[in-house]
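Visitor: Pasting a predicted model and its sequence here:
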Amino acid sequence: MNTTIPAFELFNEIGIINQLSTTMFERVLPKGMTQAQFTVLNHFVRLGHQERSPAQLAFAFQVTRPTMTSTLTRMERAGLIAIRPDPQDGRGKRVSLTEKGHAMREACIAAASVLFPMLDGLITDSELEAILPPLTRLRKALDEMRNAKATEPE
């Protein structure tokens, strides 16, 4: 007997959609950009351009610090972010978005706009408007659960 659990089905669908849409998105990104780099750029814009430490970014994206450091190093070389010493912790670093990084985020979104018409006929505007609030609540709840399980580094 195959018993389906709605919560599993939800996460399964989100996972499959994520994999398919990430691949489509990466194919239209400007040359040299990766999904990982775009998500860092988007994170800064979404949270109001606040400086972050590499550890905070690794925590937010649930990746290892070396993985985040590798991504940030490539982004700094491309001029998308600035990394400076943390004035309050001589060993630490602070990361901020540059104007070039903000412009690259906008270029990525513009490049991705070629994908949006595929939604026409698949999902109506009213369905899209209806689905976004519960998905936003789910994302916020998952963020809060992540934060409750581990204290975010400084």
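Guide: That came in fine, so what should we check first? Residues are numbered from 1 along each chain as shown.

Visitor: quick check, distance from the longest helix seen in the chain to the centre of its chain.
Guide: Counting residues, the longest helix found in the chain (DSSP state H) is helix 125-149. Helix 125-149 sits 14 Å away from the centroid of its parent chain (CA atoms, centre = their mean, to the nearest Å).

Visitor: what does it rub up against?
Guide: Helix 125-149 is contacted from outside by 62, 119, 123, using CB atoms under 8 Å, 6 or more residues apart in numbering. Every C-beta, even on glycine, is put in place using the N, C-alpha and C of the backbone.

Visitor: For the chain, which segments count as helices?
Guide: Under DSSP H, the chain gives helices at 6-28, 35-46, 54-61, 65-77, 99-112, 125-149.

Visitor: In this protein, spot the strand with the most residues.
Guide: Criterion DSSP state E: the longest strand present in the chain is strand 89-97.

Visitor: relative to helix 54-61, how tilted is it?
Guide: 50 degrees (axes from the mean of the first three to the mean of the last three CA atoms, to 10 degrees).

Visitor: now for strand 89-97, which elements pack on it?
Guide: helix 35-46, helix 54-61, strand 81-86 (3 or more CB pairs under 8 Å, 6 or more residues apart in numbering; DSSP states H and E).

Visitor: Can you add distance to residue 115, mean neighbour count and mean pLDDT and give the ones you listed back as JSON lines?
Guide: Output for those, formatted as JSON lines (distance: least, CB to CB, whole Å; neighbours: other CB atoms under 10 Å; pLDDT from 0 to 100):
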{"stretch": "helix 35-46", "distance to residue 115": "13", "mean neighbour count": "18", "mean pLDDT": "96"}
{"stretch": "helix 54-61", "distance to residue 115": "22", "mean neighbour count": "18", "mean pLDDT": "94"}
{"stretch": "strand 81-86", "distance to residue 115": "25", "mean neighbour count": "15", "mean pLDDT": "95"}
